[in-house]
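[1] Provided below are the primary sequence and the corresponding predicted coordinates.
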Amino acid sequence: MGIDVKKLDRHGRIVIPKEWRERHGDEVIVLVFDDRVEILPRKGNIMKFADSIEVEELKEWEEMREDLYEVR
């Protein structure tokens with residue numbers, strides 16, 4: 001893990017390092033806090049699994065969705 005000081009361009013953008021993008025992909029989750037912004041890799045889209053399994057109750061789906069979206 002390294003620390004880079006980056007300047008924002010005139011549109012408020014920064015460049016994500018190429019090595020990071022190659023490792024984690026080109027979709028990110030941006031978390032905005034009062035004192036900072038965090039960028040996390042998007043782990044995948046669970047919607048591609050829609051209708052691929054059957055669940056008995058809506059509660060089961062909610063539990064599965066939470067497990068799949070769990071932030072590690």
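    That came through fine.
[2] buried sites along the longest helix anywhere in the chain?
    Longest helix of the chain, by residue count under DSSP state H: helix 58-68. Within helix 58-68, no residue counts as buried by 16 or more other Cβ atoms under 10 Å. Backbone N, C-alpha and C define where each C-beta goes, glycine included.
[3] Could you export it as PDB, CA atoms only?
    Extracted C-alpha coordinates of helix 58-68, given in PDB (Å, rounded to 0.1, in the frame of the first residue of the first chain):
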ATOM      1  CA  LEU A  58     -38.300 -12.700   0.500                       C
ATOM      2  CA  LYS A  59     -36.400 -12.800   3.800                       C
ATOM      3  CA  GLU A  60     -34.000 -15.400   2.300                       C
ATOM      4  CA  TRP A  61     -33.300 -13.200  -0.700                       C
ATOM      5  CA  GLU A  62     -32.500 -10.200   1.600                       C
ATOM      6  CA  GLU A  63     -30.100 -12.400   3.700                       C
ATOM      7  CA  MET A  64     -28.400 -13.600   0.500                       C
ATOM      8  CA  ARG A  65     -28.100 -10.100  -0.900                       C
ATOM      9  CA  GLU A  66     -26.600  -8.800   2.400                       C
ATOM     10  CA  ASP A  67     -24.000 -11.700   2.300                       C
ATOM     11  CA  LEU A  68     -23.100 -10.900  -1.300                       C
END
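[4] so what's D4 up against?
    Neighbour list for D4: P17 [criterion: Cβ atoms under 8 Å, 6 or more residues apart in numbering].
[5] what about 10 Å?
    14-15, 17 (Cβ atoms under 10 Å, 6 or more residues apart in numbering).
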